[in-house]
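Visitor: Structural data only, the sequence is not supplied:
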């Protein structure tokens, strides 16, 4: 296999390279960004594929409402752990190598879930998949951000979020297609097995991309870092390398600062609450249990799977819309609009289940919910968490906000079937109430950060 240095010597910028600002968008940069973002696709696929299996798993393994919730939420326990420790792993061995480990975890999980001879093996396999999800949710965006030119970083990192939504849609679509094959008692195994293909593809493609220049500098491999910068299309790679070296040396000379201080009280509150409200909307309960929800309203298994595909498609389109609006309308404005829309949509779902009438409107209420979620919470959460903390504690703040998101996700995934078993309407009444609470919290306590530099945001918070 040729080395990066050899590739660089043999390489000429092809005419297809696109110059934007002062950087070339080279095929090497495009490939590295796409490969890094594929981790997001597996993230979304592995998260949503469980939706098509819940009914059969309940029958095959004789699951109660409690053990069904545990089967779904065990993956999220792995996600929390993976998110907590993958950053350390990435710093130690590099983002590319750490992502390879995540790809192996995805592969082991998909094979284990597909071939699971009993519930215990299924649980272990889902936990391993959760480790991969949590790890890639941290490592993928960081790897892309470290390679991407500053002017394009937001859009390129945004590919990771888009791929998550694409992965969710593909999971629903594959579940539906498998449902139409009438595979009987082994249908759930095939639904899990589909993930083997993208897992292998992800692992193979990770052997064709470079290590990030920033990580190479932290390990004193500056010659290779320079080569990577040139491959990525830097017009002045020597100067950019010196900037990275200076930045790394500055960071290494600073003493670590604790996050939990009084001066960071507002950013901490914002990060925790935006992460919690994201899940208190019920979004992942709906994504995980979509087939179960539609079946509870009287839809057949194939019809329920098809309705889930519609939900996934709307989620993708609305995510594109939200990303186009977040810098135009603002973070706070989108959160307020989304809260109102979600209250209306969730109230409609609750009314359908409470009255046991107008079931045909269920999919429309859920589509309305997905639209308002995607343009608000779905587009704002990660941007907002990244903005409200100063750079010296930003990584810790992002971990805090992400942890509140995943922990609340696991709690809701565990308790949703228990509550829904007693009353299908009750969970949606709760979610609607939480979105009403969110509206007033955001209205009174959340600052708008649109169009402000990070330094201006910190000055407004009184952080110096």
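Guide: Right, received. Where do you want to start? Since the model is a prediction, treat every value here as computed from it, not as a measurement.
Visitor: how far is stretch 104-124 from where the chain is centred?
Guide: With CA atoms, centre = their mean, to the nearest Å as the basis, stretch 104-124 stands 22 Å off its chain's centre.
Visitor: Ends of it, what's the gap?
Guide: 15 Å (CA to CA, to the nearest Å).
Visitor: Any buried residues in that stretch, and which?
Guide: Buried residues in stretch 104-124, counted by 16 or more other CB atoms under 10 Å: 104-114, 116, 119, 122-124. Backbone N, C-alpha and C define where each C-beta goes, glycine included.
Visitor: Identify the farthest-apart pair in the residues you listed.
Guide: Across the buried residues of stretch 104-124, the longest distance by CB to CB is 23.6 Å; it joins 104 and 119.
Visitor: Residue 112 reaches residue 120, doesn't it?
Guide: No: using CB atoms under 8 Å, residue 112 makes no contact with residue 120, being 10.8 Å away.
Visitor: Just the helices from the stretch 101-250 of the chain, written as ranges.
Guide: Remark: helices assigned in the stretch 101-250 of the chain by DSSP state H, counting those that start in this stretch are 119-147, 153-179, 187-193, 196-205, 213-218, 222-231, 237-253.
Visitor: Just send those back as CSV, with mean pLDDT too.
Guide: Formatted as CSV, the helices of the stretch 101-250 of the chain follow (pLDDT from 0 to 100):
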stretch, mean pLDDT
helix 119-147, 84
helix 153-179, 79
helix 187-193, 91
helix 196-205, 89
helix 213-218, 74
helix 222-231, 72
helix 237-253, 64
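Visitor: So which of these is nearest residue 388?
Guide: The closest of these to residue 388 is helix 153-179. By CB to CB, the value is 16.3 Å.
Visitor: What residues of that closest one count as buried?
Guide: Residues of helix 153-179 classed as buried by neighbour count (16+ other CB under 10 Å): 156-176, 178-179.
Visitor: Stretch 126-142 too?
Guide: So, applying 16+ other CB under 10 Å, buried residues of stretch 126-142: 126-142.
Visitor: got it, and stretch 401-419?
Guide: For stretch 401-419, the neighbour count (16+ other CB under 10 Å) marks 401-417, 419 as buried.
Visitor: Which members of those residues occur in helices, if any?
Guide: Counting by DSSP state H, the members of those that fall within helices are 401-417, 419.
Visitor: for the buried residues of stretch 104-124, which one is nearest residue 429?
Guide: Proximity of these to residue 429 (CB to CB) peaks at residue 123, which lies at 30.8 Å.
Visitor: Would you check how far apart the closest one and residue 161 are?
Guide: Distance, residue 123 to residue 161, by CB to CB, to the nearest Å: 29 Å.
Visitor: Check residue 261 too.
Guide: Where residue 161 is concerned, residue 261 sits at a distance of 30 Å (CB to CB).
Visitor: Fine by me, thanks again.
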